[in-house]
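*Asks:* this one's sequence-less:
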């Protein structure tokens, strides 16, 4: 699978190429439970796992949870009150595959006192990410917010096209200081930051040099 980014724009409005909806990861050709456990063993979701309470209920809102892989990987080991915000199509598919144990939404619901707001590789598909973050915080009042494997760096925030699985998807690379300031204004302090190297080199051929980054960030924020 080849992923390539093309162009640098000030907003999604500047993108002239035809874009398509983000494809679901589940293709129906494998056991979704087995796949979830395999992904967990590889270290995926470790940052969330490290912040889950082992002996009490965890109220989690996952922003961009696909069809429920993260929940399925942890359901047997943790007491989870689990909620997922996804696209309409993905939420419908997820509610069919995992109908009973996950609350599915295609909008940001009002869920007071969420323990953890969690998102992995999803915020970059949102143009107005500041508004979305504020809405998530105002509607859910999370104690902790975990952003995992999120493409951020020192460059200016910019928008581009991601070529993925024969789809063209709008994508946002976010300036970390701009992001961190927004979280602070919303009443959250950074308690964990980890830079994970990621090889964008061969995939950034059509991105100006000044916009290129060399990794992704894992971040944990706690309510002040």
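*Replies:* The structure has been received and is ready for your questions. These numbers come from a predicted model, not from an experiment.

*Asks:* Just read off the phi/psi values of residue 162.
*Replies:* Comment: the main-chain dihedrals of residue 162 come out as phi -100, psi 120, following degrees, to the nearest 10.

*Asks:* wait, doesn't it sit right on residue 173?
*Replies:* No - assessed by Cβ atoms under 8 Å, residue 162 is found out of contact with residue 173, at 10.2 Å. For the C-beta atoms, the positions are set from N, CA and C on the backbone; glycine is no exception.

*Asks:* so what's residue 179 up against?
*Replies:* Residue 179 makes contact with 129, 152 under the criterion Cβ atoms under 8 Å, 6 or more residues apart in numbering.

*Asks:* and with 10 Å instead?
*Replies:* Residues in contact with residue 179 (Cβ atoms under 10 Å, 6 or more residues apart in numbering) are 123, 129, 130, 133, 147, 150, 152, 157, 190, 217, 219.

*Asks:* now residue 86
*Replies:* Contacts of residue 86 were listed using Cβ under 10 Å, 6+ apart, and they are 22, 24, 62-68, 92-95, 104-106, 122.

*Asks:* how about 7 Å then?
*Replies:* Each residue near residue 86 by Cβ atoms under 7 Å, 6 or more residues apart in numbering is listed here: 64, 65, 66, 94, 104, 106.

*Asks:* Setting aside sequence neighbours, what's the nearest residue to the last one?
*Replies:* It refers to residue 106. When the adjacent residues along the chain are set aside, residue 106 lies closest to residue 88, with 4.3 Å between them (Cβ to Cβ, 6 or more residues apart in numbering).

*Asks:* Mind checking which of the contacts of residue 179 are buried?
*Replies:* 123, 129, 130, 133, 147, 150, 152, 157, 217, 219 (16 or more other Cβ atoms under 10 Å).
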